[in-house]
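In: would you be able to build a 3D model of this:
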Amino acid sequence: MCLAQVVQPGNCFFDGIFLYEAQEIQPGVMLLSGTDINGNHQEFALRKQAGKPGEYVLAQSDENQDAPYNCLYGSRVQYIDKDGMRFLAFYPEEHSLGQAVVLTPDNLEDCTAQQISAYTSLDPMDAVSDWLMNLEYVRHLPSATVERMLAKLQKMRKQTIIESTNQSVLAFASAMGFVSDGE
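Out: The predicted model follows:
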């Protein structure tokens, strides 16, 4: 069972590129303001859904900015706390998880270093069970590797939260063409 949480001011979430920090801009609305290693800025807001624990709607914070993660403003976002994993799950479509953005105590430099380490040292076939993937990680994988990873996950009878989330992120990335063509 998932234990619903509430995004708190000061929470930091990493998506593979941007480290976002949450701040409450009005009751029930959190602004997530992010910076990448090059100093680029991006932000979006989450509006808490009354009576729905852990449920948010993606809200526009800047009229000139597109919604993140192939979502539309108004898309469902869920705060998940299960088996020691805490992350935001973004749903570009009603039941199709597209991106997992992990709650982290780390700073941007450490998060970026961990992401680079994942590209270079994680065996993708082990990563399906050991590391909560994000779209940025999957973008670096060849499509044949993604297909093998999906096949491995689909054969598992019982999946951990990491495995089930990774399966959703891999399937979304594959369907949307977010993987590389070469080996």
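In: now do stretch 18-27, average pLDDT.
Out: Average pLDDT, stretch 18-27: 97.
In: what comes into contact with that stretch?
Out: With contact meaning C-beta atoms under 8 Å, 6 or more residues apart in numbering, stretch 18-27 is reached by 7-14, 30-36, 40, 42-43, 45, 61, 101, 104, 107-108, 111. (C-beta placed from N, C-alpha, C; glycine too.)
In: quick check: buried residues in that stretch?
Out: Neighbour-count burial for stretch 18-27, counted by 16 or more other C-beta atoms under 10 Å, picks out F18, L19, Y20, E21, A22.
In: and stretch 98-117, by the same measure?
Out: So for stretch 98-117, counting by 16+ other C-beta under 10 Å, buried means G98, Q99, A100, V101, V102, L103, T104, L108, C111, T112, Q115.
In: go on, stretch 155-164?
Out: Under the neighbour-count criterion of 16+ other C-beta under 10 Å, stretch 155-164 has I161, I162, E163 buried.
In: with stretch 26-43 instead?
Out: Counting neighbours by 16+ other C-beta under 10 Å, stretch 26-43 gives V29, M30, L31, L32, S33, G34, T35, Q42, E43 as buried.
In: tell me which of those residues is nearest to S75?
Out: Proximity of the buried residues of stretch 26-43 to S75 (C-beta to C-beta) peaks at L32, which lies at 14.0 Å.
In: in three-state terms, label M149 for me.
Out: Counting by DSSP: H, G, I helix; E, B strand; the rest coil, the backbone at M149 sits in helix.
In: okay, and the helix or strand of this structure with the least pLDDT?
Out: strand 3-4 (a mean of 47; mean pLDDT, DSSP states H and E).
In: pull the longest helix from the chain.
Out: Longest among the helix segments of the chain by residue count, using DSSP state H, is helix 161-176.
In: what residues does that helix touch?
Out: Under the contact criterion C-beta under 8 Å, 6+ apart, helix 161-176 has outside partners 70, 80, 82-83, 85, 87, 89, 92, 96-100, 127-135, 138-139, 143, 146-147, 149-150, 153-154, 156, 159, 178-179.
In: show me the helices in the protein, by range?
Out: 108-121, 124-130, 135-139, 143-155, 161-176.
In: nearest to V57, of the buried residues of stretch 155-164?
Out: Distance to V57 across those (C-beta to C-beta) is lowest for I161, with 22.7 Å.
In: for M85, see how far away that closest one is.
Out: Using C-beta to C-beta, to the nearest Å, I161 is found at 5 Å from M85.
In: which neighbours do those two share?
Out: Joint contacts of I161 and M85 (C-beta under 8 Å, 6+ apart) do not exist.
In: check contacts around the nearest residue in space to P105 that is not next to it in sequence.
Out: Among residues not flanking P105 along the chain, C12 sits closest, at 7.2 Å (C-beta to C-beta, 6 or more residues apart in numbering). Shown in contact with C12 (C-beta under 8 Å, 6+ apart): L19, Y20, E21, A22, L103, T104, P105, D106.
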